[in-house]
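> below is the sequence, then the predicted model.
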Amino acid sequence: MKKHTRIPLLFLVVFLFLVLTPASVSASENKSQAKETSGFLQLYKTENNLASGLKLRLWRNLHTGANIEYYASNRDTKLHLTGIYLLPHEFIFFRFYGGAGYQFSRKKDGEFPYLVLGSHYVFLFSEVLYPWKDEAAPLVRFGFSFDF
């Protein structure tokens, strides 16, 4: 499938997730009962190095975050700046989210915008980053996620 047909398909999937999600918590519900976290600390492995990410809540389910990764194979450090929307309800103990971000690289060859889809399960997380450039394969992250 060509790149230009995958992007609208990805937008369609994200749109369906948002439309099919049940309505957010009613206004009459007590805010202390709502399950809101200030953010997430993510730890995962890239090559033989530990990478970390931090996502902080801006407003309700809107989060912003940064991840930093080091790759020893090409001696490069990458910084990911991300904005995500955490879906308001859990689906069988999973919390799904989607968003967009930009990857900065110490070496200028690895800079590009991307779309991100992810999920949290208890203390684990997984993310798939879809680069917004031609002939680039999706990137996958999997590791530990701690709420605070």
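Looks like it arrived, so ask away.
> which stretches in the chain count as strands?
With strands called from DSSP state E, the chain shows them at 39-46, 49-59, 62-71, 76-86, 94-105, 112-121, 124-131, 139-147.
> turn those strands into TSV, including mean pLDDT.
Formatted as TSV, the strands of the chain follow (pLDDT from 0 to 100):
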stretch	mean pLDDT
strand 39-46	94
strand 49-59	93
strand 62-71	94
strand 76-86	94
strand 94-105	94
strand 112-121	94
strand 124-131	95
strand 139-147	94
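> okay if I get those as a markdown table plus mean neighbour count?
For glycine as for every other residue, the C-beta is placed from the backbone atoms N, C-alpha and C. Compiled in a markdown table, the strands of the chain are given as follows (neighbours: other CB atoms under 10 Å):
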| stretch | mean neighbour count |
| --- | --- |
| strand 39-46 | 17 |
| strand 49-59 | 15 |
| strand 62-71 | 18 |
| strand 76-86 | 17 |
| strand 94-105 | 17 |
| strand 112-121 | 18 |
| strand 124-131 | 18 |
| strand 139-147 | 15 |
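> list the contacts for the spatially closest residue to I84 that is not a sequence neighbour?
Spatially, and ignoring its direct neighbours in sequence, I84 is nearest to G99 (3.4 Å; CB to CB, 6 or more residues apart in numbering). By CB atoms under 8 Å, 6 or more residues apart in numbering, the contact set of G99 is 63, 82-85, 115-116.
> tell me the two of those that are most distant?
H63 and L115 (15.2 Å; CB to CB).
> what about D109, distance to K78?
11 Å (CB to CB, to the nearest Å).
> roughly how far does W59 sit from A66?
18 Å.
> for L129, same thing?
14 Å.
> list residues touching both of those two?
In contact with both L129 and A66: H80, using CB under 8 Å, 6+ apart.
> how long is stretch 43-56 end to end?
Stretch 43-56 has an end-to-end distance of 15 Å (criterion: CA to CA, to the nearest Å).
> which residues are contacting it?
Contacts of stretch 43-56 (CB under 8 Å, 6+ apart): 38-42, 63-73, 80, 82, 84, 125, 141-146.
> any idea how far it is from the middle of the chain?
13 Å (CA atoms, centre = their mean, to the nearest Å).
> again with stretch 51-69
8 Å.
> stretch 120-140 now?
Using CA atoms, centre = their mean, the offset of stretch 120-140 from its chain centre is 7 Å.
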